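In: Have a look at this prediction, sequence included:
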Amino acid sequence: EEVAIEDTFARSIVVNSADGKKYGFINLPSFNADFEDPKGRNASDDIKNELIKLKAQNVEGIVLDLRNNGGGSLTEVGDIMGLFMNAGAYVQVKDGNGKIQTLRNKTNSPVWTGPLVIMQNELSASASEILAGAMQDYGRGVVIGSPQSFGKGTVQTFVDLNRFLNSTDDFGSLKLTIQKFYRISGESTQRKGIQSDIQMKDFFTYAEIGERYDDYALAWDKIPAVEYQPVNYFSVTALQKGIEARLKGNNTYQLMQESAQWKENLDKEETISLNQTKFNEVMQTRKSQIKKFKTLAKFNNGLKFTVNPDEAVREKKDEAFAKKTENWTKNLQRDLYLQEAVNVIAEMK
């Protein structure tokens, strides 16, 4: 049978905060689209369905998680944008000849017009950056997460070499960069990615992850902005002050930073002493550090989660799905960044 890989599709859950309020959390692993089947599954329809489910449960805000989302279909970005706001431009694309094309969402029927938080990290790339950048430029949602996203602002295509050769051998293909992405503000997403409105360093912040670390990566540049009307639903400055105060006294967050830096320093070590005594000292130090960082695995953010009614019914019939849901909610309870995203959305006016 044909197997649908559900882990690549959007999924939502209701987050119950300590003060009794409910928020919707939607995880989007990729901007999937079925180009061969017009009735096939795609990311925008999935998110629309999840928003309808969450609205039915009277949530007060939506957290859209784009962490680790490497991108996908560009048209899905515009369709997802249309679920949260009215029609407008969302990206500019420039080719090698300097020709600029502006892509627009043309629908005026948003499903969710309330508070919106978008989560990102260093592995959020391409289409993820275009959506987060557009929401940020319009002031429609607040972007929270790593200081910047991956920074992949280019478009590639494959050119079959056999089309140029009179040969029966397969000479493979070349992958060519043919276009660059630009935000509606005119700024490229290349190298710099999207800078979070509210920045929280994470486990990847100290590693060399991103387009800017690749050899011969194209430079960042800027083109003229397109005409657009920001909506500015909230004050970023006020939200920043709140999270800075919380993180300053958050021992778990500080320990996570220490753990990430420690791991990165280990990765960069190129020598180690072969002297038995010195070697044992190093190993002893490492063991004590590992023991110290193990407390991170026991962290619980205090949030409670309620699955959608249709999924609750499915759990009773599908043991594998029930187990997957259990593991997912356990990971969400260990998520410090989700806890802060909920804190931020609770403060949004």
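Out: Structure received. Numbering: from 1, shown residues only.
In: Just the element for F181, please.
Out: Using DSSP states H and E, F181 maps to strand 173-182.
In: Now do that strand: distance to the chain's middle.
Out: In terms of Cα atoms, centre = their mean, to the nearest Å, the centre of strand 173-182 is found 22 Å from the chain centre.
In: Give the buried residues for stretch 150-162.
Out: 150-155 (16 or more other Cβ atoms under 10 Å). C-betas here are computed from N, CA, C, even on glycine.
In: Which strands or helices does the strand holding F181 pack on?
Out: strand 88-95, strand 154-160 (3 or more Cβ pairs under 8 Å, 6 or more residues apart in numbering; DSSP states H and E).
In: Give the other helices and strands that the first one contacts.
Out: Taking 3+ Cβ pairs under 8 Å, 6+ apart as the contact definition, the neighbouring helices and strands of strand 88-95 are helix 74-81, strand 100-105, helix 127-138, strand 173-182.
In: Let's see the pLDDT reported for E340.
Out: Looking at E340, its pLDDT stands at 95.
In: tell me which element it is part of?
Out: helix 336-347.
In: outside of that helix, which residues touch it?
Out: 15, 17, 19, 21, 23, 25, 60-63, 65, 67, 115-117, 119, 142, 144-145, 198, 200, 202, 238-239, 242-243, 246-247, 250, 252-253, 256, 299, 301-303, 332 (Cβ atoms under 8 Å, 6 or more residues apart in numbering).
In: Quick one: buried ones out of those?
Out: Those of the contacts of helix 336-347 that meet the buried threshold are 15, 17, 23, 25, 61-63, 65, 67, 115-117, 119, 142, 144-145, 198, 200, 202, 239, 243, 247, 253, 256, 299, 301, 303, 332, by 16+ other Cβ under 10 Å.
In: Mind checking the helices and strands packed on strand 88-95 for the one nearest to N42?
Out: Closest to N42 of the helices and strands packed on strand 88-95 is helix 74-81 (Cβ to Cβ; 6.0 Å).
In: For that closest one, the averaged confidence score.
Out: Confidence over helix 74-81 (mean pLDDT, whole number) is 96.
In: now that helix and strand 154-160, what's the angle there?
Out: Using axes from the mean of the first three to the mean of the last three Cα atoms, to 10 degrees, the inter-axis angle of helix 74-81 relative to strand 154-160 is 150 degrees.
In: For helix 74-81, C-alpha coordinates in CSV please.
Out: Only the C-alpha atoms of helix 74-81 are listed here, as CSV (Å, rounded to 0.1, in the frame of the first residue of the first chain):
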residue,chain,number,x,y,z
LEU,A,74,7.0,28.5,-2.3
THR,A,75,3.4,28.8,-3.3
GLU,A,76,2.4,27.2,0.0
VAL,A,77,4.0,30.3,1.8
GLY,A,78,1.5,32.6,0.1
ASP,A,79,-1.4,30.3,0.9
ILE,A,80,-0.4,30.0,4.5
MET,A,81,0.1,33.7,4.8
